[in-house]
Every structure is written in C-alpha cells, then in structure tokens.
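Sequence plus the predicted model coming up.
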Amino acid sequence: MPVTGKMAEYHCPDKKKIELLRDIANRIRINSIVSTSAAGSGHPTSCASMAEIMSVLFFQTMRYRTGDKARDPNSDRLILSKGHAAPGLYAAWAEVGQFPMDELKKLRKLDSLLEGHPTPRLNFIDVATGSLGQGLSNAVGMAYTGKKFDKASYRTYCVIGDGESAEGSIWEALAFGSHYKLDNIVAIFDINRLGQSEPTALQHQMDVYKQRLEAFGWNTYVVDGHDVEALSKAFYDASTVKGKPSAIVAKTYKGKGFPAIEDEEDWHGKPMGAKADAIIAAIQARIIHTGPHGLTPAPPIDDAPDVDISNVRLSEPPSYKDGEKVAPRAAYGTALKKLAKNHPRVIAMDGDTKNSTFSIKIKDVDPGRYIECFIAEQNLVGVGIGCACRDRTIAFVSTFACFLSRAFDQIRMGAVSQTKVNFCGSHCGVSIGEDGPSQMALEDIAMFRAVPTCTVFYPSDGVSMERAVELAANLPNMTFIRSGRPASLLVYPNDEVFEVGKSKVIKSSNKDKVTVVAAGITLHNALEAYEQLEAESIYIRIIDVFCVKPLDSETIIAAAKVTGGKILTVEDHYPEGGIGEAVMSAVSEFTDITVRKLAVPEVPRSGPSMALMEKYGIGPKKIIATIREMV
C-alpha cells in the first residue's frame, strides 16, 4: 500500500460544482468541435474523451496562475502528451480566461499561436508535444526538478493517450519516476480504446494497464474518466501519497457525447463537418448552467526559489601544463565541475556512461546535481528538456554521441520546445579505436546541424573544450558539444579566448597554398601533416573550426582567397552533413573556390585509432598525399 501523508481531509465538490465541472467538460467538447470545424482539420473525438479530465484538472485540482504569469515557477505543470488533442487543451485555457473564446476559431491558422499541436509559442505551454510518447519524460524531468532542486510544492500532471502508451519511452519514463520516488507527479492515461487506424492493443483492459503500471512502481487508480466526482477523488488521493508516483487510468470513450460517433472507428483526426451542428445541439442540451461558470483556479503555494541562470562562468580558467596531453572528454568533466562550483543550478545527467563522458566529475561538487538516467537515452533527453523548462536549471545531457541518435526525435522536438538543453556526445568517429563501428558516432554532426536552433561546438583540446562548455551554458538555445576520446596535446594557451561562430587560424604564412579546415582529432592530424609538408617547402593554412554551427564563413573564405581558392576539409565523420558539407555550403557562391573532402567513406571496423584513421583516409599520411595532389 502507498504511504500517505497528512493533508486536509478530502471534501467532495458540492452538487453545483459537480454540475459546473460537467458543464465545463461539455463546453470543452463543443469548443473543440467549433475550432476544428473552423480549421477544417483536427481531432475533436480525441478531445471529447479527455474533456472531464481537463475540467477537473483546471477547476478542481491544479493550483496555477494565468495571464502573463502562466509560467509562474510556483504553478503546477500540465503536459498534454497526446498533443493532437490540443483543441481540448486550448478550450480549457479559454475557459480559465487565458484568451478570448473567439480565438479558438483561429485554430491552425497561419496568424494564430493555436497550432495543430501545442508549442511554447504559447506562454502556457512548457514543451511541444504531438510526437507521441515523449510528454511523460518531460514531465518526470519537471517533477524531479520540483522535488530535488526547487524543493517546492508545485505538482506535475501529464495526460497520456492509450495509443502512445505503446511507446517504449513512456515505460522508460515510468521506470525513472518510480526509481526516484517522484510523489509530486500524476500520469493520467486516457484509455479511450481507439487508435488512429484501429483499436489499441489493450482496448479497455483496464486491469492490464493497472497491473503494468503497478509493476513499474506507480500507485495506480482505475476510474471512470467521464465521472468528475471519481476523478476529483482520485486526484486528491494521489496528492496524499508519499514515496511513489501516481497514475490514474481513466476509462473513456473517443467522441464521448457525439451521437452515432462515440466509440466508433474511423473518426480519428476528422472534424465533424455537416454533423457538427446536430452534435453541438445534443451536447448543449446536457449543459445545466448556461451562464458564466464563475470558477477560478486555486493560487499556487509561493515556495519555489528565485533562479537566475544568466552569466554562468567557470570557477577558474583552464590550467593545463605545456606538453600535457588531455582528452577533450576529460576536459568536459572538468568544465562541468567548474561551472557547478560557480552556479547552483548547473546539473548533469547521463545514461550510465558518466565515467566515460566524465560527467561524473560534477559529483565532486554536489552529488545531488547529477541525475543518473540509466541506459534509456530517449528518456534521458526528455528528462533534460523537462529539467530545463521555465529556466529552472542549466542542464547538460551526455552519453556516447552515437547513442544520442536513438533519441533524435526527442532532440528534434526539443527544438520545437525552444529548449536550452546542452548535449555532449563523446566517443566520436573511428578515432575511438577498437570498440568498433557500433560505438563510433559518424553521423552526429549532421544530426545536430540539421536542428535549426542548435549551436554545434567541436573543441580540439582541453582549453577549447572548457570554453565551449562555458559558452554553451550561456546560450539561449540548444547546443551540442562533440567530445573526442583520444588524449592529445594542447593547441591553445590557457588564456585563449573563444567565441560562438568563430574559428581559429592555427598555422598561416604568406606562402600558403591550401587551406585545411579540421576539428578535433583531425586538427591534430593536420598539424602533424603540416610539419612534414613544411620540410618539403609546402605551406598550408590550418583552421580549427571550433564552432561548426554557426560556421565562421568569413574566416574560411578569407583564407581560401589567399591560398589559391583551395580548401581541404578533414573530419572524423561520414561525408554527409559534416564539416565538409558545411564548408561547401559556405563557399557555394564563390566560383573561384574549390573544396576537397576527407571523411570516413564507409562503415568502419575495429582497430587501433591511428591505423583506422589512415585506413579510412583522414590520417596525416592521407592529408599529406592529398595536399601534394592539390598543389
């Protein structure tokens, strides 16, 4: 049995309030029909199944502020994971008075913020949803932040569709929530039986849902999802449980209250069309109180601390010794530790690779600011996005870069969510050596370059890594830091200054014949090639990219113009989407500049690091041979 805490005794809503909650649910149904009819598209039947859930949450259960304070840090959080039911969510916010009812008729219009699925362009939305299965990970991240960092009273609610509960990321989030005993979250499963194209796998097998959720460690209630009294009681009971999270499994019907459509197949994602007026009339006939309902949300408890995540700096500058070899991944951990010393809201999380990514170093400052997400990368990313919401933390998410590809949909949605999460991917490229291709990230630059809101750093030594982490912590958008595994000599003095979107010219002379653009381990390969080429009186200009996106086009183009329009890019990455293609895009309008690319041309194999780099054409020998051809 769950442990319950001492709270005020439950008071059942009186008869009039029950009637009003039912009325509001029906108004949500009507407005979902009206808005989707005006839009000519949308999901009114999915809104209808959760109407009572929305009514009870907004006017009986949640404590929150509205208007320009809709993201008040003290307010309860609500995530609609089943984002296609956005018209029902918007209708609920309109009932609160967040915006005029007439705005609902602009649903999905180009000039309206009421988009087809929720996004944080609206000030009452924390995360974008609609790519199903992701909302609960965001929610447990918010709940973890509330419980562990804010230590505040606000609670988190997440409404999940039964269809999306087939997603593995839902169960990753459930495992996380119970492991960390997040008793400040309630997951509400809207079990309306029907998916998009056919009934869901479990349909209305409520006992199976309950058993599975309990097996994952969640205190679980099964209720009639259209009974406002039962929902009110379940939400209250959940609020008294200590030491474990709660789930409400609500038996509902898709299209509830829609004559001849309720619980019928083939109505997913369809407005009511010619049937709309008759359905609205039938629903209106059930509304008792036709005037203003007069209900207002309860105010939150103001106990969340003030947080300022601006102007974050390393506690001390880099302090490496001449001739010291440093792995960039180790410097990442050093930088995290320094940031954490200086700012109490810097946190780190990982997927059981913290002793390889060196995110473990933050525990030297404060073990409580490290979150172990275990081997569940989709949830890892979702938790990071949740922790960063409302600017409550400066979140760093790390694992092997190749494993982040498993969570690309979460990363993509993070951009829609306007997240400020910082990602660090280690063990990139063939230079990791013997572990082989399953561990080699060779697509990660392309992946993160494709995300429009993401800044991409690729440091080449310990100094540049520490500064990249510092820069990332202060940016108002998502970042990705590519972290190499091999230890290498320092390139920069400890006092070197770095900027977003600026590269570094490492070697130059007035005799240079080719501009070599590289980063990470291939910068060191280029520097090794430089020594031999110089002995042959072949001079090259070497640029360390440092920031792949935004790319320092100006420096690269200027260098190319003084080296005969010849550029050679070298990268430990596949040819598609990496540094080479970024440079080619930057110089595409210059007919007098040509670019040759050295990149890993095929799926690699295991072997020693340098042997692999030479085999796949990105080692010093290949650079030397290519330069000779170019001059």
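Looks like it arrived, so ask away.

rest of the way, CA atoms for contacts and neighbours
OK.

In the chain, where is pLDDT below threshold?
Along the chain, the parts satisfying pLDDT under 70 run over 1-8.

Buried residues, stretch 623-631. List them.
Residues of stretch 623-631 classed as buried by neighbour count (16 or more other Cα atoms under 10 Å): 623-624, 626-627.

should've said stretch 352-360
352-354, 356-360.

any idea which of the residues you listed is closest to Arg392?
Using Cα to Cα, the shortest approach to Arg392 within these belongs to Ser359, at 19.8 Å.

Tell me who's in contact with the closest one.
Each residue near Ser359 by Cα atoms under 8 Å, 6 or more residues apart in numbering is listed here: 332-333, 336, 348-350, 398.

what about the residue lying closest to Pro493 once chain neighbours are set aside, helix or strand, and which?
Of all residues not flanking Pro493 in the chain, Val463 sits nearest, at 7.3 Å (Cα to Cα, 6 or more residues apart in numbering). In this structure, Val463 sits in helix 462-473 according to DSSP states H and E.

Find out how far that helix is from the centre of the chain, if you would.
21 Å (Cα atoms, centre = their mean, to the nearest Å).

For that helix, list the C-alpha coordinates in CSV.
Output in CSV follows, covering the C-alpha atoms of helix 462-473 (Å, rounded to 0.1, in the frame of the first residue of the first chain):
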residue,chain,number,x,y,z
GLY,A,462,41.3,20.8,-23.2
VAL,A,463,41.3,24.6,-23.2
SER,A,464,38.8,24.9,-26.1
MET,A,465,36.6,22.3,-24.5
GLU,A,466,36.3,24.1,-21.2
ARG,A,467,35.5,27.3,-23.0
ALA,A,468,32.9,25.6,-25.3
VAL,A,469,31.1,24.3,-22.2
GLU,A,470,31.1,27.8,-20.7
LEU,A,471,29.8,29.3,-23.8
ALA,A,472,27.1,26.6,-24.1
ALA,A,473,25.9,27.3,-20.6
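
and Met306, backbone torsions?
Quick fix: residue 306 is Asp, not Met. phi -70, psi 140 (degrees, to the nearest 10).

quick one: it from Asn74, how far?
According to Cα to Cα, to the nearest Å, Asp306 stands 10 Å off from Asn74.

which other residues reach stretch 70-80?
Contacts with stretch 70-80, where a contact means Cα under 8 Å, 6+ apart, come from 62-65, 86, 89, 123-127, 129, 135-136, 139, 142, 152-160, 299-304, 390.

Which among those count as buried?
62-65, 86, 89, 124-127, 129, 135-136, 139, 142, 152-160, 300, 304.

From the contact counts, what lies against the helix holding Val463?
Judged by 3 or more Cα pairs under 8 Å, 6 or more residues apart in numbering; DSSP states H and E, the packing partners of helix 462-473 are helix 328-342, strand 479-483.

Please convert those to JSON lines, extending it with distance to Ala415 and mean neighbour count.
Output for the helices and strands packed on helix 462-473, formatted as JSON lines (distance: least, Cα to Cα, whole Å; neighbours: other Cα atoms under 10 Å):
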{"stretch": "helix 328-342", "distance to Ala415": "23", "mean neighbour count": "25"}
{"stretch": "strand 479-483", "distance to Ala415": "10", "mean neighbour count": "29"}
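
right, and these - which one's nearest Leu489?
helix 328-342 (10.3 Å).

What strands line up against the next helix or strand after that closest one, and which way round?
Per DSSP H and E, the first helix or strand lying C-terminal to helix 328-342 is strand 346-350. In the sheet, strand 346-350 lines up against strand 370-372 (parallel), strand 394-400 (parallel) (DSSP bridges).

counting contacts, what elements does the next helix or strand after strand 346-350 pack onto?
Towards the C-terminus, the helix or strand next in line after strand 346-350, according to DSSP H and E, is helix 354-357. Counting by 3+ Cα pairs under 8 Å, 6+ apart, the packing neighbours recorded for helix 354-357 are helix 328-342, strand 394-400.

Contacts for helix 354-357, please.
Applying Cα under 8 Å, 6+ apart, the contact partners of helix 354-357 are 329-330, 332-333, 360, 398-400, 425-426.

switch the cut-off to 10 Å
328-333, 348, 350-351, 360-362, 370, 372, 374, 398-401, 424-427, 483-485 (Cα atoms under 10 Å, 6 or more residues apart in numbering).

any idea which element Glu214 lies in?
Assigned by DSSP H and E, Glu214 belongs to helix 206-215.

got the contact list for that helix?
Residues from elsewhere that reach helix 206-215 (Cα under 10 Å, 6+ apart): 162, 165, 171, 174-175, 178, 189, 191, 202-203, 216-223, 246-251.

Show only the entries of those residues found in helices.
171, 174-175, 178 (DSSP state H).

which of these tops the neighbour count?
The most crowded member of those, judged by other Cα atoms under 10 Å, is Leu174 (22 neighbours).

Give me the nearest residue to it, chain neighbours excluded.
Once flanking residues are discounted, Leu174 sits nearest to Phe216: 6.5 Å by Cα to Cα, 6+ apart.

In contact with the one you found, which residues?
171-179, 210.

Mind putting those residues into CSV with distance to Asn311?
Shown next, in CSV, are those (distance: Cα to Cα, whole Å):
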residue, distance to Asn311
Trp171, 37
Glu172, 34
Ala173, 32
Leu174, 35
Ala175, 35
Phe176, 31
Gly177, 32
Ser178, 35
His179, 34
Lys210, 47
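
Kindly confirm my reading that Ile125 is in a strand.
No - counting by DSSP: H, G, I helix; E, B strand; the rest coil, Ile125 is not part of a strand but coil.

for it, what are its contacts?
Counted by Cα under 10 Å, 6+ apart, Ile125 has contacts 70-71, 77-80, 118-119, 417.

Leaving out the residues flanking it, which one is nearest to Ile543?
In space, Ile543 is closest to Val505, 4.4 Å off (Cα to Cα, 6+ apart).

again with Gln532
Ile624 (7.9 Å).

From Thr563, how far out is the residue nearest to Gly146 when sequence neighbours are not counted?
Take Gly146 and drop its neighbours on the chain: the residue closest to it by Cα to Cα, 6+ apart is Ala152, 5.6 Å away. Computed as Cα to Cα, the Ala152 to Thr563 distance reads 60 Å.

Run a quick check on Pro620 versus Leu612, I expect a contact.
No - between Pro620 and Leu612 there is no contact under Cα atoms under 10 Å: 11.7 Å.

returning to what we had before: next, the angle helix 328-342 makes with the helix holding Val463.
Here helix 462-473 runs at an angle of 50 degrees relative to helix 328-342 (axes from the mean of the first three to the mean of the last three Cα atoms, to 10 degrees).

ok, and for helix 462-473, which residues are buried?
462-473.

I'd like those as a markdown table, with distance to Val514 appended.
Listed next are the buried residues of helix 462-473 as a markdown table, based on distance: Cα to Cα, whole Å:
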| residue | distance to Val514 |
| --- | --- |
| Gly462 | 27 |
| Val463 | 27 |
| Ser464 | 24 |
| Met465 | 27 |
| Glu466 | 30 |
| Arg467 | 28 |
| Ala468 | 27 |
| Val469 | 31 |
| Glu470 | 32 |
| Leu471 | 31 |
| Ala472 | 32 |
| Ala473 | 35 |
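
Go through these and name the one nearest Asp23.
Of all the buried residues of helix 462-473, the one with the least separation from Asp23 (Cα to Cα) is Ala473, at 47.1 Å.

Just the strands from the stretch 101-250 of the chain, written as ranges.
156-161, 185-191, 219-224, 241-242, 246-251 (DSSP state E, counting those that start in this stretch).

Could you export the ones you listed as TSV, including distance to Gly273?
TSV is the format used below for those (distance: least, Cα to Cα, whole Å):
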stretch	distance to Gly273
strand 156-161	24
strand 185-191	25
strand 219-224	29
strand 241-242	45
strand 246-251	27
